[in-house]
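Peer 1: return atomic coordinates for the entry below.
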Amino acid sequence: MGWTDFTRRQYARRASRYASDLTDREWGLISPFLPGPRRLGRPRSTDLREVVNALLYIASTGCQWRMLPRDFPPFTTVQAYFYEWRATGVWGRINHHLVMAARELEGRQVLAVCRRDRQPEREKRKAAELRAMMRARRSMDASVTSSSTRWD
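Peer 2: Below you'll find the predicted structure:
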């Protein structure tokens, strides 16, 4: 697909500092899934949009946490939000929503689960089987080596 005047306007990022920064439309898709302010404790002073922009900058450039430009919140803050959102499943919910929205735009069934969608579960199962097999092998090897290393 070539660039048209419409697509150039749609994907233009004139007001952003970096190419990885979110547009207002993209932020509108993601923001409902981010956690709101906590009831207790100090009020949030960090802009979550800047945190997401920082994470997208890291993902697109491959830079280290400590090399995050000073335009963004401190890297420790960005890192803490990333780990919290990963642990609470925020990224999974955002990803699921965006995948379903993309399927709907393509005219595919939203509820249909294709083979590629089921692949992570199969990989988890195979990894668990492999770990169990390796544990059994290690225990067998340990019992064989302990009995054969006696120096009587």
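
Peer 1: quick one: low-confidence residue ranges for this structure.
Peer 2: The model of the chain has pLDDT under 70 over residues 1, 11-16, 110-119, 141-152.

Peer 1: try it again with 90
Peer 2: 1-21, 23-25, 37-38, 100-152 (pLDDT under 90).

Peer 1: show me where it has helices.
Peer 2: Ranges of helices in the chain, per DSSP state H, are 5-11, 24-30, 48-61, 75-88, 90-105, 115-148.

Peer 1: deepest of these, which one?
Peer 2: A comparison of the helices of the chain by mean neighbour count, using mean count of other C-beta atoms under 10 Å, puts helix 48-61 on top with a mean of 18. In this view, the C-beta of every residue, glycine as well, is placed from N, C-alpha and C.

Peer 1: for the nearest residue to residue 35 once chain neighbours are set aside, give me its contacts.
Peer 2: Spatial nearest neighbour of residue 35, chain neighbours left out: residue 90 (6.9 Å); criterion: C-beta to C-beta, 6 or more residues apart in numbering. Residues near residue 90 by C-beta atoms under 8 Å, 6 or more residues apart in numbering: 33-35, 84.

Peer 1: now with 10 Å?
Peer 2: Counting by C-beta atoms under 10 Å, 6 or more residues apart in numbering, residue 90 touches 30, 33-35, 81-82, 84.

Peer 1: and the helices of the chain as a markdown table, adding distance to residue 18?
Peer 2: Formatted as a markdown table, the helices of the chain follow (distance: least, C-beta to C-beta, whole Å):
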| stretch | distance to residue 18 |
| --- | --- |
| helix 5-11 | 15 |
| helix 24-30 | 13 |
| helix 48-61 | 6 |
| helix 75-88 | 14 |
| helix 90-105 | 20 |
| helix 115-148 | 30 |
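
Peer 1: please name the nearest non-neighbouring residue to the residue nearest to the spatial centre of the chain.
Peer 2: For the chain, residue 91 is the residue whose C-alpha lies nearest the centre (C-alpha atoms, centre = their mean; 5.1 Å). Nearest non-adjacent residue to residue 91, counting by C-beta to C-beta, 6+ apart: residue 85, 5.7 Å away.

Peer 1: please report the distance of the one you found from residue 94.
Peer 2: 9 Å (C-beta to C-beta, to the nearest Å).

Peer 1: which neighbours do these two share?
Peer 2: 33-34, 52.

Peer 1: about what we covered before: which one of the contacts of residue 90 is nearest to residue 100?
Peer 2: Sorting the contacts of residue 90 by distance to residue 100 puts residue 33 at the head of the list, at 12.5 Å, by C-beta to C-beta.
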